[in-house]
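Undergrad: Okay, predicted coordinates and the sequence, questions at the end:
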Amino acid sequence: MRSGATWTWVFLAVALLLALAGLCAGSVPISMNELWAAARGDGSPTVRTILWQVRLPEVLTAALAGGGLAASGLLMQTLFRNPLAGPSVLGVSSGAGLGVALVLLAAPLWSAIHLPRELMVVLAALGGALGVLLLIAALDRRVGGTTALLIMGLMVGYLCSAVVSVLQSMSAAAAVKGYVLWGMGSFAGLDLQRLAWMAPPVLLGLGAAAWSVKPLNSLLLGDAYARSLGVDVVQVRRLVIWTTGLLAGTITAFCGPIAFLGLATPHVARAFVRTSDHRTLLPAAATLGMALGLGCDLVVRLAGTDHALPLNAVTSLLGAPVVLWVLLRGHRWNTEA
């Protein structure tokens, strides 16, 4: 029986192998010799262009997004003590979607702003996610309590979705198509320069999640017990809210909404490591999320012919059975360490 820490290294090794496969596989296959030559700056200029401008940014984006969503999903499941909670439960992803809808579906309003469309989409998604996060944080200060916070997040998400539906009903077909394509999610399309904007917030969020493992372990035994250990439950809840918002908001802004990775990955990791100790579970979930993100990206590229498969279709095929398994198994998510 492998220990939890060993599984983390196994997941990391699988992620590295999938990353290598992602660099080589695609519509233009690259051999290991060509890959090594391109990494040294030698070989075909075409191969170097594909590697540095297309494949490497996509692989790094998939790894960052998968790890970030898995970590944020685990934080939400711990905070709400709900195995079906995920990164989108606070409404941050819906806020990002509303921001993008305002840009793509109400384009005439922004005609005076002369910025590239892709940049406006990213900024709008970040602005929408940040706006919802600030709203949730303000409501949390006024109301407090995890149950109330869960309900508020769901309601804010419904409100954002309702506004998006109204905008879609009033927009041209071409604009609606653009929004639908964004909603399918994708790890492609980022170059190294844009990836440099995405990576720091995600890495900061992962660092904050790692810092919070001890108070999260205390929360597993209940708020009263955590307080008896000297844990400031309110501050921990706010840290988890901001960390999840930072991770989910940033990833949604750059990649679009990615379904099920944040919800399903913690359960798969928990099934392998067989512990609820976040010192073991968090790195296992994050590295497994990296591997699953890279695997889904590889499936999208290899299975697509003239048109690449929607990323959310692949992640849903992976995640939906896991959720059904959790429900049918009567999953005891507070397993003993």
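TA: Alright, I've got the coordinates.

Undergrad: list the contacts for residue 216?
TA: 75, 78, 236, 240, 278 (CB atoms under 8 Å, 6 or more residues apart in numbering). (Each C-beta comes from the backbone N, C-alpha and C, glycine too.)

Undergrad: Look up the closest residue to residue 149, ignoring the ones flanking it.
TA: Nearest residue to residue 149, sequence neighbours excluded (CB to CB, 6 or more residues apart in numbering): residue 140, at 5.5 Å.

Undergrad: how about that neighbour, secondary structure?
TA: What DSSP: H, G, I helix; E, B strand; the rest coil gives for residue 140 is helix.

Undergrad: Surely it and residue 239 touch.
TA: No - Residue 140 is beyond contact range of residue 239, at 11.7 Å (criterion: CB atoms under 8 Å).

Undergrad: Check what pLDDT residue 10 gets.
TA: Note on residue 10: pLDDT of 94.

Undergrad: Also the one 10 residues further on?
TA: The confidence metric pLDDT takes the value 94 at residue 20.

Undergrad: so which strand or helix has it?
TA: helix 4-24 (DSSP states H and E).

Undergrad: do the same with residue 100
TA: Under the criterion of DSSP H and E, residue 100 resides in helix 92-104.

Undergrad: Just give the nearest non-adjacent residue to the residue minimising distance to the centre of the chain, would you?
TA: In the chain, the centroid-proximal residue (CA atoms, centre = their mean) is residue 69; its distance is 3.0 Å. Using CB to CB, 6+ apart and skipping residues adjacent in sequence, the residue nearest residue 69 is residue 262, 3.8 Å away.

Undergrad: Check which helix or strand the one you found maps to.
TA: Using DSSP H and E, residue 262 falls within helix 261-273.

Undergrad: other SSEs contacting the helix or strand that that helix is followed by?
TA: Using DSSP H and E, the helix or strand that directly follows helix 261-273 along the chain is helix 278-303. Identification of packing neighbours for helix 278-303 by 3 or more CB pairs under 8 Å, 6 or more residues apart in numbering; DSSP states H and E yields helix 4-24, helix 56-80, helix 192-211, helix 213-219, helix 261-273, helix 311-329.

Undergrad: so how far is helix 278-303 from its chain's centroid?
TA: Computed by CA atoms, centre = their mean, to the nearest Å, the chain-centroid distance of helix 278-303 equals 11 Å.

Undergrad: give the contact list for residue 238.
TA: 137, 140.
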